[in-house]
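Novice: Pasted the sequence and its predicted model underneath.
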Amino acid sequence: MLVLGFPAGPLQANCYLIARGEGEPCVIVDPGQDAADPVREQVRKYSLTPEGVLLTHGHFDHVLSAGPVTAEHGCPAWVHPADRYMLDDPGAALGPAGKELFGDGPAAQVPDDVRDLADGQQLDVAGMRFEVTHSPGHTGGSVLFGAGTDEGGRLLLAGDTLFAGAIGRTDLPGGDHAQMQRSLSALLPLDDETVVLPGHGPTTTIGRERASNPFLQELPAPGAFS
């Protein structure tokens with residue numbers, strides 16, 4: 001499997017291109033602010049054919065290039081319905097501090113073809129299957145995308161739910177700490193070798209985070225969730 005990733009925009013949100021190999025169809029995950037040109041370069045370099053854009057959540061640093069990318073390649077975008085409003089109004093998710101910093105937020109070009117994601121959905125695109133898990137906490141519509149590799153491994157596109165050594169903030173509009181704890185708790189049974197591709201920062205694994213991430217170690221016992 002070919003996995004290409006790069007940070008984009010002032011907030012350095014990770015954008016990923018995933019395909020079964022060079023010269024194959026691909027998906028683009030979280031093309032955020034200033035990601036359109038790097039996506040185009042990677043598509044040309046590896047002779048890829050984008051067939052869809054997957055959005056882990058609706059924050060502008062993860063979605064702002066979704067409109068231009070889908071328009072250029074004639075493909076749809078998928079997002080959870082709880083975060084769909086952010087495609088039209090990026091500033092809606094910034095909160096008071098963010099609005100003071102960014103104003104009303106960067107202007108958005110909304111994809112022409114936006115499709116809803118659902119918890120438990122099996123999404124087949126670009127010759128690959130992605131398992132969708134609703135993971136609210138960072139935003140109400142955050143999702144995880146799980147996928148197997150041709151080599152037998154597992155990938156987890158975690159967005160801003162889980163980072164290397166940290167988790168996404170829960171104090172912005174739509175965030176909820178209790179929901180985040182539930183979403184994180186659902187990750188604990190995954191195999192240690194599962195490779196986590198986060199929304200910011202370096203790649204990690206579930207085993208590494210289970211052993212060292214303080215936010216996972218401090219989770220309540222499973223029975224504590226009502």
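Specialist: It's in. All values reported here derive from a predicted model rather than from experimental measurement.

Novice: For the protein, give me the ranges with low pLDDT.
Specialist: 95-107, 221-226 (pLDDT under 70).

Novice: Please enumerate the helices of it.
Specialist: Counting by DSSP state H, the chain has these helices, from start to end: 36-45, 60-63, 66-73, 85-88, 95-102, 177-185, 206-212, 214-217.

Novice: Give me the contact list for the last one.
Specialist: Applying CB atoms under 8 Å, 6 or more residues apart in numbering, the contact partners of helix 214-217 are G165, A166, I167, L184, L187, L188, E209, R210. Quick note: C-beta positions are derived from backbone N, CA and C, even for glycine.

Novice: Generate a markdown table for those residues, with distance to V195 as supplementary columns.
Specialist: Shown next, in a markdown table, are the contacts of helix 214-217 (distance: CB to CB, whole Å):
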| residue | distance to V195 |
| --- | --- |
| G165 | 16 |
| A166 | 17 |
| I167 | 17 |
| L184 | 17 |
| L187 | 13 |
| L188 | 16 |
| E209 | 11 |
| R210 | 14 |
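
Novice: out of the residues you listed, who has the most neighbours?
Specialist: Neighbours here mean other CB atoms under 10 Å. Within those, the largest count is held by E209, at 27 neighbours.

Novice: returning to that earlier point: quick check, nearest of the contacts of helix 214-217 to L117?
Specialist: Using CB to CB, L187 comes nearest to L117 of the contacts of helix 214-217, at 17.9 Å.

Novice: now the strands: where do they sit in this structure?
Specialist: Ranges of strands in the chain, per DSSP state E, are 2-8, 13-19, 25-29, 49-54, 77-79, 114-116, 122-125, 128-134, 143-148, 154-159, 162-163, 166-167, 195-198, 204-205.

Novice: Now the terminal residues of stretch 136-155, how far apart.
Specialist: 19 Å (CA to CA, to the nearest Å).

Novice: Would you mark the buried spots in that stretch?
Specialist: 136-147, 154-155 (16 or more other CB atoms under 10 Å).

Novice: nearest to V3, of these?
Specialist: L155 (7.2 Å).

Novice: List the contacts of the residue nearest to that closest one when sequence neighbours are not counted.
Specialist: Nearest non-adjacent residue to L155, counting by CB to CB, 6 or more residues apart in numbering: A147, 4.8 Å away. Residues near A147 by CB under 8 Å, 6+ apart: I18, M128, R129, F130, E131, R154, L155, L157.

Novice: For the nearest residue to the fifth one once chain neighbours are set aside, give its distance to H138.
Specialist: Right, E131. Spatial nearest neighbour of E131, chain neighbours left out: G146 (4.2 Å); criterion: CB to CB, 6+ apart. Distance of G146 to H138, given as CB to CB, to the nearest Å: 17 Å.

Novice: try A211
Specialist: When A211 is compared with H138 (using CB to CB), they lie 22 Å apart.

Novice: E209 now?
Specialist: Taking CB to CB, one finds E209 at 16 Å from H138.

Novice: Good, we can wrap up now.
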